[in-house]
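Undergrad: Attaching a predicted model along with its sequence, questions to come.
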Amino acid sequence: QVQLVESGGGLVQAGGSLRLSCAASGRAFSTYHMGWFRQAPGKEREFVAAITWSPGTTYSADSVKGRFTISRDNAKNTVYLQMNSLKPEDTAVYYCAADKLFNDLRRGNCDYWGQGTQVTVSS
């Protein structure tokens, strides 16, 4: 069982930065692939970024490449999403997710989800 708790969301002006954190419970954290998804009002949830459990290969959606960076610290059971050059269209609830199967994670068919953290980018 893995429990995920996101933090770090908030209100920021366009061009600003935020770092989201996702703290995971459970000793098996290091064996899970981890990802970030987001859902804006009236829109479907979409993939943002993912990182494999080993060797920590990262993947990002085209809409955030060059601006967002996913990373993980297995010693702290935490995954991060560094978001730079934020745009109003990045406004959404951001969710952390975990799965043992990368393809499932990438499709959003994840075993575990956090409760989400709101990110609002003002123009």
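TA: Alright, I've got the coordinates.

Undergrad: ok, which stretches of this structure are strands?
TA: Here the chain has its strands, by DSSP state E, at 4-7, 10-13, 18-24, 33-39, 46-51, 58-60, 68-73, 78-83, 92-99, 112-113, 117-122.

Undergrad: Run through who's touching the second one.
TA: Defining contact as C-beta atoms under 8 Å, 6 or more residues apart in numbering, one finds that strand 10-13 is touched by 18, 86, 118-122. Heads up, the C-betas are built off the backbone N, CA and C, glycines and all.

Undergrad: follow-up on the earlier one: will you turn the strands of the chain into CSV that also has mean pLDDT, mean neighbour count and distance to residue 105?
TA: CSV is the format used below for those (pLDDT from 0 to 100; neighbours: other C-beta atoms under 10 Å; distance: least, C-beta to C-beta, whole Å):
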stretch, mean pLDDT, mean neighbour count, distance to residue 105
strand 4-7, 97, 18, 13
strand 10-13, 98, 13, 26
strand 18-24, 97, 20, 13
strand 33-39, 97, 24, 5
strand 46-51, 98, 21, 6
strand 58-60, 96, 16, 10
strand 68-73, 96, 18, 12
strand 78-83, 97, 23, 12
strand 92-99, 97, 24, 4
strand 112-113, 96, 19, 10
strand 117-122, 98, 17, 19
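
Undergrad: Please report how far the residue positioned nearest the centre of the chain lies from residue 89.
TA: With distances taken as C-alpha atoms, centre = their mean, the residue of the chain nearest its centroid is residue 36 (2.3 Å). From residue 36 across to residue 89, the span is 16 Å (C-beta to C-beta, to the nearest Å).

Undergrad: residue contacts, residue 97?
TA: Counted by C-beta under 8 Å, 6+ apart, residue 97 has contacts 4, 34-37, 105, 108, 110, 112-114.

Undergrad: ditto for residue 38
TA: Applying C-beta under 8 Å, 6+ apart to residue 38 gives the contacts 45-46, 48, 90, 92-95, 119.

Undergrad: ok so, going back, among the contacts of residue 97, which one sits closest to residue 56?
TA: The closest of the contacts of residue 97 to residue 56 turns out to be residue 34 (C-beta to C-beta; 9.8 Å).
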